[in-house]
Every structure is written in C-alpha cells, then in structure tokens.
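[1] turn this into a model:
(chains A and B)
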Amino acid sequence: MAEDVKSINFLEQLIEEDLANGLSPDKLRFRFPPEPNGYLHIGHAASICLNFGLGEKYNAPVNLRFDDTNPTKEEQEYVDAIKYDVEWLGFKWDKVCYSSDYFQQLYDWAVELIKKGKAYVDGQSAAAMAEQKGTPTTPGVASPHRGQSVEENLDLFERMKNGEFEAGRYVLRAKIDMASPNMLMRDPLLYRIVNKAHHRTGNDWCIYPMYDWAHGESDYIEQISHSLCTLEFKPHRELYDWFLDQIYEDTKLRPKQREFARRNLSYTVMSKRKLLALVQTKTVAGWDDPRMPTISGLRRRGYTPESIRKFSELSGISKRDSVTDVSLLEFCIREDLNKTATRVMGVLDPVKLVITNYPEDKEEMLIAENNPEDPNGGTHEVPFSRELYIEREDFKEEAGNKFFRLTIGNEVRLKSAYIIKGESVVKDAAGNITEIHCTCDPDSRSGSGTEASMRKVKGTLHWVSIKHAVKVEVREYDRLFLDEAPDSHGDKDFMDFVNPDSLKIIKEAYVEPFLKEAKLDDKFQFQRLGYFTLDKDATSDHLIFNKTVGLRDTWAKQQSKPEQQNDHPAAKPAQSQQQEQRSAINEIQKISKKYTNLSGDKLASARASIMNLAEGVSYEELQPLFNTAAKKVGTRIGVMITLGVLLNKGLVRNSEIDAFIEAGLNDANELLASEAKTIEAIK
RNA sequence: UGCCCGAUGGUGUAACUGGCAACACGUCUGAUUUUGGUUCAGAAGAGUCUAGGUUCGAGCCCUAGUCGGGCAACCA
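    Model (predicted):
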C-alpha cells in the first residue's frame, strides 16, 4: 500500500524541526487567544482548527485564553459565546485562561523593568507622543520624560496604579529605540490608565496592560511553545522577543511567535468591525443571522461542526493573502449533509395537482426511504391522496425533450408513489394555471414490485398531499454581498455591495407531516431542493425552516447559460489602446514560452496568434526582449516573429535589430534559425 | 522616501535537502440513478510575476525589478 504522503504546512514543519532539534514533545503547548469583544467567525475557525488541530496531532494541551486587557470593549457575554462555539466545533481545551489572571505578575515585571531603567512614565498627550514617534520613513525623537529617574518613574507608576490620576493622564512606556525602522519598537506603551470595571477583575485595577506587553508574557507564563497568530502581527514579533528577553529565564521554555495568513471568504467580510456594522445598521438580524459568516450564523443556517472543520482542513494554512471561494464551504456542507440528512418532501412554490382516476376519499400511507446513502437509515410514512401540491416549475404545458418534468401527455414518477401522466390544465381568467389534471398508473406504486412499478420514466417529482400538508415558513438565503471581495475596493465602502436580495422569505410552503416532529438541530434534505434545518424562531405551530444550501443543480446551470452568453459582449468595455498593447506583448511572451513544445497544427496556430498580436506591439516594447537569454529559445522565436511583422510594416532596421537577427541565424534551434532567415530577407 | 511579508491553473493548497508541476473545489463530457442529487469514468485548464545569473538541470538558490499586502491606536 502506498504511503499517504500527506504534506505538512510550514508551521508543522517548524514544529518538526524544533522536535528534531531536541524540543521534548511533552513541552508542546498551544493556545487560542480570542479577545472577548465579539463573536467568532469562520476566519477564527481557521485559527481554532489550526491550534486545536495541532494539539490533537501532537497530543499536546491547548489553552483557551481570553485576551482581556481592554475593559472598554470586552464583556462576559462574549466569553460565554466563544466558549460555546469552540466546544460546538468539537474541541477540548486544556485550561481556560485569561490575560487578566496575570495582571499582578505583569505589574511586578513592569516594576522590574522600570528599576532596570528600561521603562518610564510619560505624561504627555497622546498627540504629542504620536508626533514624537516620527513616521515609517523618519525617525522619532525622544520624549522629554525618557531620562526621568528610576525613583520618579517608580513613584508615578505606583500612583497610576493607585488611581491617583484620571484616565489617560500617564502611560508607562518601554525604553527601546525611537529611531527603529520598526515603529513598534519606538518606545511602545506598556500600560494606560482606564477607569472602567473589568468583567473579571472588577475595580481592582485602573491600569491595564497593552496587547504586546500582555500577550507574549502570558504565553511565557503558560509555557506556550508555539504562539500562532495572523500575519498582521509579524512586525510585533520583534517586540514580542524584546519583552521576552527582559524576563526570560533559561530554565523555562521560550515561546515562539509565528504568523499565518488569515482566511477570507468570497462574497462576505470578515472583520469584527464590519460584521458589527452589519448588525448595527440592521442589514442583518443579528450576529447569528444565517447570512453571517459567524460560527453562530453558520450554525443557525444549518452548517455542522464537521463541515466547518473539513473546510478548514481543505483550505490549508499559508502565508499569503487569499480569498477562499464559498463554493468550497458549500461543498463541505453538502458532502456532510448528503451522508446524514433525512430525506423529506416539501413544496416551496405550490401548484395543485389532481389525479383524476384516484378515488376522492382514498388515502394511503406510502413508504419513503430516510436516506439512500445509508442502508440502515430506515424509512418513514408519507400520506398520499387524490390532490397534491407539486412545484410550479416542475410543470410546463409543453416543453422540449430536455425538460424531464411533467408536461401534458408525458409521464413522470411521483417520488415514492405512482407514475402519472399529464392530461389537462385549469386556468384562471388571467391565464395562470390553477390546477393540473393527470391520471396515474395504479399498478406503478413504488416498491410494489410490479412490472409497472419498475418502469423507467425520465423524471421524478417531489410532492405533498394537500389534505395532510403542513404549512410552514421557509427562509432562503443568498450571498450577503454582490462583490467577491467587498472590502477590497479602496474607493468604495463595503456596504455599497450589500446584496438587497440576500433573504427570501416564503410564507406558504408545504411539507409532509413527518416534519411536525422536527427538532432544532435536525438536518433534512427537501428532495430535489436542498438542505434545510429548523430555525430557532420556530414554534410547534409555526415551523420555520432555513435553507442551508441548495443541491447542486446542473439543470438550473443549463437554463442560465444562454443568458450568460448574451451578457458577455456588453460585459467587457473596450480596453484602452495602451492596455491592449501591453497585454499584446505579454500575450506573445506567454505563447512563445511554450512554442518549442508545440508541433503541427498547434505550432501553426501559435505562430498565427503571435503574428496577429504583433500588430499591436511597438518597437519600444519589443526591443528589451532582444536581451532574452539564449536558452529561452521560445521567447526569442516569438520576438523574432513579432519583429518580422514590424519590419513588414515598415520598421527601419538598426544595429540592435541586425544583431538580434544575426544571433538567430546562428542559433542551434532550427525554428529560430528559420524565422531569422525569413526576416533576413525583408528589406 | 524606510522597514517587513508575499507572488504556482478560475479559487485554495502541494511539490522531501534543486530532477521538466500534484491534490481539492469549480468547469465540461459520458455512464448509473425512483432526487437533473449521490456515485463512477473521463476531459479541459498553470509551465510557477518579469529579466538576468548559478547549475548538466531552477517553482525551489543568487541579483535587480514589477505587482499585492502590512507597519506611524492610551485596539487586539
């Protein structure tokens, strides 16, 4: 059996290296460090799955640590929600920790820093300090308080702690380097005064540590071996290490900060600030609105923990900014639900179907499979009668032979029931179809084993018996934004791209009575439509179903094709002359590269394309390519062909051109030599 | 104008210490199917941002450039 060569990401490689260099496996420890100031989203899920996944892989403990150093933004409510989400995803933490647990230790260390002359209290305004900080391109200047005596610093810092000053009056700063190219090293703040009760420490403190001071030291206290964060913290690493240097004792493990790219999802936004804006502007109903990319939103929408973990696994970890297509997320949830969801029938856009040869008072219970993917999934009963609802779009009075559904004179199967044949329609005064009349083949009942029941028909429809149907509300969701990356447009606000039709509420949908028993976390497949789950707003006499995701629909895709084609010509406005030229030379380079790999027709057509594109190329663009390395024959051939076109158009030869042709003539490659020869002939 | 990252099919990730680019999603065929789903078989699509260089050989190494992102909160 071939080994499963599962590649490991760069962080796992680092861990493997550390292990190989003598790090004891039992020293491995990770942490997931959310700030309790908002709800977790699918981007956090990447970090959760990474850290807890590493914990599982290396059998190492993982702490859930709340980075709660800013009482103005953080609340207990968020702590609870975050814990719930992490558990729901299926992960087990070793300890729940809080940065606030370390406030005393952090304070003590800060005092030591002051004593060592590595920190000072600054009483300037925030604006003045920002001014002194300089800019990324100009060095900063020292604060007038930088040289303050240790005694004075100690005194002021203690009084800060004792609450003698109003908020913002003083800060404690590390004394590092005001000229560092890294702005974060220009005497960063360690503490500020905040007169606000903390959700855990109450009014014990009125000074609070900043992120950089708290985070690395918390890692050290907890003996986290690998502290993984997102890319924007890369510049913080230098400071992280500087702070660690001040307190590190070599009997202990020294944590390492490493960075990975945050995960973006197409057609949505992922920052807490932007998600909050959606909530506050009532664009969505709340943090757990099923259109939100929050864990709670996805849960309410019907996503499973397995699907989200799978998504994280498939997305991978890397160091480059990227936008993962939602189609991957959708694939993950379909894959999971296909295996597990109970099959039922529901009609969202009903039209009445009357089976004229079925007795008016007859009712029968038919057997429906719960899940064809699961042989042990069992069955349930579905009531059948003379009058049914079917989907309006499943009927056309007449249609081409690519329409597999019900038409007049054609047969289709009613899922788990009989084969029927369309006979006639009843319309209202406006010409709308109000009833479809059909006849059924009484011998064709599903599972009856008769010859008629085995007959192949082109289509199968879902349906629900009117007399037994349960009226329910169904909510269908579309992407929240019309743009793939709504927050990537510098000139436009992401809110400009909100999809006005992201929520469709169907007040009168009908489902089979089996669904009366549905419970909150149950997952269903409404056959031929998609996956649905009960919304938390549902009550026993008013069921509400959320559509998690539709089934793949190749029929809908085919239907929309002609439209797309019509859209195309108008979609691309004429490019500017310059752009065309630039892309022409680029295009030539691209084609040329693989030129020597081609032969026969392909070669001829590549040559023709180059000649065509050459019309849009200027000598100024072409000339630099004369220097193309001799071994890059393809490119040189392309350049030669292009040159030929230009010469034919009247370009005057010069010494550069002569030299290029000369070199081509003498080249070992026959294609190049022959192109050069052709051109040589042009006067 | 400084510093730090990054650049591989439409998208996301691979390619062990250099050995002519793989997997998944998506797309397109065909078969099977009592879900136009699932499953199965197959196809198209990148020669790795550009230009030099090192090497028998470069997506991996070196140099220069281009493009994209981050950095000047008493936020994390």
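
[2] pop the domain breakdown of chain A in here.
    Using automatic domain parsing, the domain parsing of chain A gives A:103-212, A:346-462, A:582-680.

[3] mind telling me which of these the model trusts least?
    Comparing mean pLDDT across the domains of chain A, the weakest is domain A:582-680, with a mean of 68.

[4] quick check: buried residues in stretch A:153-165?
    Within stretch A:153-165, the residues scored as buried using 16 or more other Cβ atoms under 10 Å are A:153, A:156, A:157, A:160, A:161, A:165. No exception for glycine: its C-beta is placed from N, CA and C like everyone else's.

[5] in helices only, show me those.
    Among the buried residues of stretch A:153-165, the members found in helices (DSSP state H) are A:153, A:156, A:157, A:160, A:161.

[6] tell me the contacts of the second one?
    By Cβ atoms under 8 Å, 6 or more residues apart in numbering, residue A:156 lies in contact with A:121, A:123, A:170.

[7] can you select the buried ones from those in ChimeraX?
    In ChimeraX, a selection of the buried entries from those looks like this (16+ other Cβ under 10 Å):
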select /A:121,170
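
[8] closest one to residue A:217 out of the contacts of residue A:156, please.
    Among these, residue A:121 lies closest to residue A:217 (Cβ to Cβ), at 19.3 Å.

[9] the closest one: what secondary structure?
    Assigned by DSSP: H, G, I helix; E, B strand; the rest coil, the conformation of residue A:121 is strand.

[10] same thing with residue A:354?
    strand.

[11] ok, so what distance separates residue A:461 from residue A:444?
    Distance, residue A:461 to residue A:444, using Cβ to Cβ, to the nearest Å: 14 Å.

[12] list residues touching both of those two?
    Joint contacts of residue A:461 and residue A:444 (Cβ under 8 Å, 6+ apart) are residue A:413.

[13] contacting residues for residue A:47?
    A:32, A:228, A:230.

[14] and residue A:478, by the same measure?
    A:499, A:501, A:502, A:503, A:504.

[15] before we move on, the earlier item: restrict the buried residues of stretch A:153-165 to those near RNA strand B?
    Among the buried residues of stretch A:153-165, proximity to RNA strand B is found for none (Cβ under 7 Å from any atom of the strand).

[16] please identify which of those residues is nearest to residue A:643.
    For these, the nearest to residue A:643 is residue A:153 (72.9 Å; Cβ to Cβ).

[17] surely that closest one is in contact with residue A:114?
    Yes. Shown here, residue A:153 and residue A:114 form a contact pair, counting by Cβ atoms under 8 Å, at 4.8 Å.

[18] ok and the residue in chain A nearest RNA strand B?
    residue A:446 (2.2 Å; Cβ to the nearest atom of the strand).

[19] what's around that residue, how many residues?
    19 (other Cβ atoms under 10 Å).

[20] hey, what's the most centrally placed residue in chain A bridged with?
    Most central in chain A under Cα atoms, centre = their mean is residue A:265, positioned 2.3 Å from the mean C-alpha point. Beta-bridge pairing for residue A:265 (DSSP bridges): residue A:324.

[21] quick one: contacts for it?
    Residues counted as contacts of residue A:265 (Cβ under 8 Å, 6+ apart) are A:42, A:43, A:293, A:323, A:324, A:326, A:329.

[22] hmm, try it at 10 Å
    Taking Cβ atoms under 10 Å, 6 or more residues apart in numbering as the contact definition, residue A:265 lies against A:41-43, A:293, A:311, A:315, A:323-326, A:328-329, A:479, A:484-485.

[23] in strands, which of these appear?
    A:323, A:324 (DSSP state E).

[24] looking at the contacts of residue A:265, which is nearest residue A:62?
    Looking across these and measuring by Cβ to Cβ, the closest to residue A:62 is residue A:43, at 18.3 Å.

[25] list the contacts of the closest one.
    Contacts of residue A:43 (Cβ under 10 Å, 6+ apart): A:230, A:262, A:263, A:264, A:265, A:268, A:270, A:271, A:272, A:293, A:294.
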